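Chemist: Provide a 3D model corresponding to the input given below.
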Amino acid sequence: MRTGELGFWWRSLGGQPPPRAALDGDAEADVAIVGAGYTGLWTAYYLKRARPSLRIVVLEAERAGFGASGRNGGWVSGFFSGPPRLYEQRRGRRAYIALQREMFATVAEIGDVLERERIDADFLAGGQLQIALNGGQIARVREDISQLHSYGFDERDLRELESDELHSRVRVPAARMAAFSPHVARVHPAKLLVGLARAVERSGVAIHERTRVRELAPGEARTDRGVVRAPWIVRATEGYTASLRGLRRALVPINSSMIVTEPLGPSVWDEIGWQRSEVIDDAAHVFAYLQRTADGRIAIGGRGVPYRFASRTDGDGQIARATVDELRAKLHTIFPAVAGATIEHAWSGVLGVARDWGVSVDADPRSGLAWAGGYVGEGVAAANLAARTLRDLLLDEPSELTVLGWVGRRPRRWEPEPLRWASIRGVYALYRLADRDERRSGRPSRLGRLIDGASGRR
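Modeler: As a prediction, the model looks like this:
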């Protein structure tokens, strides 16, 4: 089994493309974007399409897609993190509903761009199955369905599956029930990243790799290779935001880990089913997420070690053996037929989380500073909608996107260390206890509900 190396997705492409040139001294632009992940690249893409004359520079500390954009589970999800109340506080109930409808439409938008730009990223809109493995998970799945329907959405958006329909889609012996939504697709994360970066460069945007930005200031992105001056500076650093001066407590980097099997044979797939390639997760507090890859593997991810002291981030994605064993055990619980399969690669990465678990998008015309992030692992699609929102905000073109419920949110900062480390590690330890309690009792855990409330997660 191979570990790290930024993960299987890059390995399946033979590694990352040749490095791009670093910034060579001071420069000027109309827009400077910090971070060459999905948020930064989508923002450059849509800005350039809307205003081809713009001079746009993207600055990346490592390589394009080094972070979560190249290491994630490949879910193009029409859902996003944070309870609805977060998005209703500033702009009301309609703003949340509009945000959710735009997120659903974003899945198709990404598919359309991939087709237009001729990017083969294994995109397949098969939907999402959320499976419940015990009574506690059943209660949460039904609560999520009821909550979404209370906002005017219906079974076309999210519905409970009868056991016969679940079995016809995928055979998970331990599943008690499931919910299905069509608003999710599968993708190969690195193929999407590489194709998007090339499309951005074709449009005339400069991407400078190995150019670490140390500090953002009005009109300036200060790097270790020079200063880029621009009327607009866009922060698109997600899980690496804490590395910027003055932003250590804005977003914390939470770790997520993945393993991937060898290609599975026809007899295994006959036993599993899963012919429509829906993405799958369970409804545990510390949940797992899976996809069937285009080349016939199963990739599964989960939290592992959740947080490193002082918001430290990893390098190439090395993963602890205990985390590999935990993910393997979850995979075998969901699909016993895979017990004999070899695990070929294991890796980890970080995602950005705000103190209230919600996503924020904003642009301050007084300072010229803009940002988007806090996707809590659902950024493959959310970054696209956030980028289109940033486009309209930066161009000062009011639209239906500039009044969405996540625009203008400013969550409070995380606690200083060691409180930050203790609280995050404590929350996940208690969630694991809650999951164990639910597996044993078959009922919803009161501890889990308490932690949901204390952490603001639900």
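
Chemist: Which pLDDT does the model give Gly127?
Modeler: What the model reports as pLDDT for Gly127 is 98.

Chemist: Revised request: answer the last question for Ala178.
Modeler: pLDDT recorded at Ala178 is 98.

Chemist: try the one 3 residues further on
Modeler: In the predicted model, Ser181 carries a pLDDT score of 98.

Chemist: Which parts of the stretch 151-300 of the chain are strands?
Modeler: Using DSSP state E, counting those that start in this stretch, the strands of the stretch 151-300 of the chain run over residues 159-161, 177-181, 184-186, 206-208, 213-217, 220-223, 226-229, 232-235, 252-261, 279-282, 289-292, 298-302.

Chemist: Which among those is found nearest to Ser77?
Modeler: strand 184-186 (4.8 Å; C-beta to C-beta). Where C-beta positions appear, they are placed from N, C-alpha and C, glycine not excepted.

Chemist: With distance to Val141 as added columns, please give the strands of the stretch 151-300 of the chain in CSV.
Modeler: Shown next, in CSV, are the strands of the stretch 151-300 of the chain (distance: least, C-beta to C-beta, whole Å):
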stretch, distance to Val141
strand 159-161, 7
strand 177-181, 5
strand 184-186, 15
strand 206-208, 41
strand 213-217, 41
strand 220-223, 44
strand 226-229, 47
strand 232-235, 35
strand 252-261, 21
strand 279-282, 9
strand 289-292, 15
strand 298-302, 18
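
Chemist: Mind checking the ones you listed for the one nearest to Arg413?
Modeler: Smallest distance to Arg413 across those (C-beta to C-beta): 10.0 Å, for strand 252-261.

Chemist: buried sites along the closest one?
Modeler: 252-261 (16 or more other C-beta atoms under 10 Å).

Chemist: As TSV, those with pLDDT would be great.
Modeler: Shown next, in TSV, are those (pLDDT from 0 to 100):
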residue	pLDDT
Val252	97
Pro253	97
Ile254	96
Asn255	95
Ser256	96
Ser257	97
Met258	98
Ile259	98
Val260	98
Thr261	98
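
Chemist: and Asp270, how many neighbours?
Modeler: 11 (other C-beta atoms under 10 Å).

Chemist: in what helix or strand does Ala386 lie?
Modeler: helix 379-394 (DSSP states H and E).

Chemist: Which residue is the nearest non-sequential neighbour of Met258?
Modeler: If the residues on either side of it in the chain are set aside, Met258 comes closest to Gly301, at 3.9 Å by C-beta to C-beta, 6 or more residues apart in numbering.

Chemist: ok, now how distant is that neighbour from Ala21?
Modeler: 33 Å (C-beta to C-beta, to the nearest Å).

Chemist: which residues does Leu161 bridge with?
Modeler: Using DSSP bridges, the bridge partners assigned to Leu161 are Ala178.

Chemist: Can you report how many residues lie near it?
Modeler: For Leu161, using other C-beta under 10 Å, the count is 19.

Chemist: Also Ser146?
Modeler: 11.

Chemist: quick one, phi psi at it?
Modeler: phi -60, psi -40 (degrees, to the nearest 10).

Chemist: What score does it have for pLDDT?
Modeler: Ser146 is given a pLDDT of 98.

Chemist: between the strands of the stretch 151-300 of the chain, which one is nearest to Phe80?
Modeler: Short answer: strand 184-186, nearest of the strands of the stretch 151-300 of the chain by C-beta to C-beta, at 11.6 Å.

Chemist: Now tell me what touches that closest one from outside.
Modeler: Contact with strand 184-186 is made by 74-79, 107, 110-111, 122-128, 277-279, 291-292, as judged by C-beta atoms under 8 Å, 6 or more residues apart in numbering.

Chemist: same thing but at 7 Å, please
Modeler: With contact meaning C-beta atoms under 7 Å, 6 or more residues apart in numbering, strand 184-186 is reached by 74-78, 107, 111, 122-128, 277, 279, 291.

Chemist: Any of these buried? List them.
Modeler: Looks like the contacts of strand 184-186 have 74-78, 107, 111, 122-128, 277, 279, 291 buried, using 16+ other C-beta under 10 Å.

Chemist: Of these, which belong to helices?
Modeler: If you go by DSSP state H, the buried ones among the contacts of strand 184-186 have 107, 111 in helices.
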